[in-house]
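In: turn this into a model:
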Amino acid sequence: MRDMMKHHGKHPGVGHPGMGKRDFDQAPFLVIWETTQACDLACKHCRAEAQPDRHPGELSTEEARVMLRDVRRFGPVIFVFSGGDALKRPDIVELVAYGHELGLRMAITPATTPLATREKLQQLKDAGLARLAISLDGSHPGIHDEFRQVSGSFEHGLRILKTSQEIGLSTQVNTVVARHNLDDFENLCQLMTEVGIVFWEVFFLIPMGRAKPEDVASADAFETVFHRLYDLSATAPFDIKATAAPQYSRVVLQRKVAERRSGARTESSDVLTDGAAISMSDGIGRARNVNDGDGFMFVSHTGEIFPSGFLPVSAGNVRSDDLVDVYRNSDLFRTLRDRSLLKGKCAVCEYLKVCGGSRARAFAITGDYLESEPFCAHVPQKYTRMLERGDAVPAAGRGPVSLPVFARPPA
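Out: This next block holds a predicted model:
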């Protein structure tokens, strides 16, 4: 029955240069595995609500190896060891080496703690790690450490970056944008130009786990940050990606069209900003149009298969289901890839193909992952006319939804 489903919203993604167009119906660009929920930090926004100790139901080493082999069936995709803190697993170096041997492009996001020693970082590099990413959520310890709830986390982050670069590892910084650091964002931009990274991933908060709706910046604040990121992309010595904010692609397109009309830009418009060659230096790169379940897959510490770590609706478990089949054929993943099913203003938006809104944020606020993006400032002209005619009503979210981590989609 699933194979007979007509898929209306199919669209190609673009992998890194040299791979050509990629059909996200067949393979994700990126797979993230929550190696463990164990972590020595207590971050205020933590999606995983991490704990100090490992869960007894975590995937075993052998189960993780089977999963890596299954992921490799998609092709040489990017595979990220996340957490919690992946360094809390004693087999992490072994698993990095195994994934590298399979031909996956391996990355890791360790917590900014003393566990990330020079010796451990060297072992990871020798095992075949392509990139290491750490989190910096403020330009100084006063903001970052308060957010991460552990003193010294900021300095450990800078140390890990420096050490990784000294031993020849490619480095990335991940930053959460929320109300707590909006006033510090300009300072963060400056810091990023000084720390020697190839990639800055700016994550726009989704209210789940420990994060609350009141922690999320407003739609207008999102818009301001998008424009600052676009301006920075013109001069930054690193690539930039907005995560959980596909509407950034709309802003990029609007800015480039405006530049062409003013004569400031002569080449054709593209939704990707400049800088891809920088992030391709380690073979990782990035892709356009990636969204929850659409070019993206997340596996939990106990093997549950999610569209992303921020959309906690399970489509199966690697212990009992074929991971590749779940991504390609499950009702949940196929629905998320069909943008003709979106509701509200997203359904009639002229930027639907390049955006699609955050499905995870729609779910967190409204309980429906097909609803329109709740934190988008753009109002499509068609939607405005529909409102004027009374053919539509503004979406009214029913607040954040509290669901079990392994909630299954309705039949």
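
In: which strand in this protein has the most residues?
Out: strand 170-177 (DSSP state E).

In: residue contacts, the nearest residue to residue 103 once chain neighbours are set aside?
Out: In this structure, residue 103 finds its nearest non-sequential neighbour in residue 76, 4.9 Å apart by CB to CB, 6 or more residues apart in numbering. For glycine as for every other residue, the C-beta is placed from the backbone atoms N, C-alpha and C. Going by CB atoms under 8 Å, 6 or more residues apart in numbering, residue 76 touches 103, 104, 105.

In: confirm residue 202 sits in a helix?
Out: No - counting by DSSP: H, G, I helix; E, B strand; the rest coil, residue 202 is not found in a helix; it is strand.

In: all further residue positions should be reported with the first residue as 24.
Out: Got it, first residue is 24 now, which makes that one residue 225.

In: what residues are bridge-paired with it?
Out: residue 198, residue 265 (DSSP bridges).

In: which residue is nearest the middle of the protein?
Out: Against the mean C-alpha coordinate of the chain, by CA atoms, centre = their mean, the closest residue is residue 266 at 4.7 Å.

In: now do it against residue 119, distance only.
Out: 22 Å (CB to CB, to the nearest Å).

In: ranges for the strands of the stretch 274-423 of the chain?
Out: Under the criterion DSSP state E, counting those that start in this stretch, the stretch 274-423 of the chain contains strands at 319-322, 328-329.

In: so can I have a markdown table of those strands showing mean pLDDT and distance to residue 179?
Out: Converted to a markdown table, the strands of the stretch 274-423 of the chain look like this (pLDDT from 0 to 100; distance: least, CB to CB, whole Å):
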| stretch | mean pLDDT | distance to residue 179 |
| --- | --- | --- |
| strand 319-322 | 98 | 26 |
| strand 328-329 | 98 | 29 |
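
In: neighbours around the residue nearest to residue 84 when sequence neighbours are not counted, how many?
Out: The shortest distance from residue 84 to any non-neighbouring residue, by CB to CB, 6+ apart, is to residue 114 (4.6 Å). When neighbours are counted by other CB atoms under 10 Å, residue 114 registers 14.

In: so residue 114 sits against residue 86, correct?
Out: No - the criterion here is CB atoms under 8 Å, and residue 114 misses it with residue 86 at 11.0 Å.

In: and stretch 358-374, end to end?
Out: 19 Å (CA to CA, to the nearest Å).

In: for it, give the mean pLDDT please.
Out: In this model, stretch 358-374 carries a mean pLDDT of 95.

In: now that stretch: buried residues?
Out: By neighbour count on 16 or more other CB atoms under 10 Å, the buried set for stretch 358-374 is 358-362, 365-372, 374.

In: dump the residues you listed to CSV, plus distance to residue 272.
Out: Listed next are the buried residues of stretch 358-374 as CSV, based on distance: CB to CB, whole Å:
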residue, distance to residue 272
358, 21
359, 17
360, 17
361, 19
362, 13
365, 15
366, 20
367, 19
368, 16
369, 13
370, 17
371, 17
372, 12
374, 7
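
In: helices along the stretch 174-323 of the chain, start to end?
Out: 176-189, 208-215, 242-256, 270-285, 299-302 (DSSP state H, counting those that start in this stretch).
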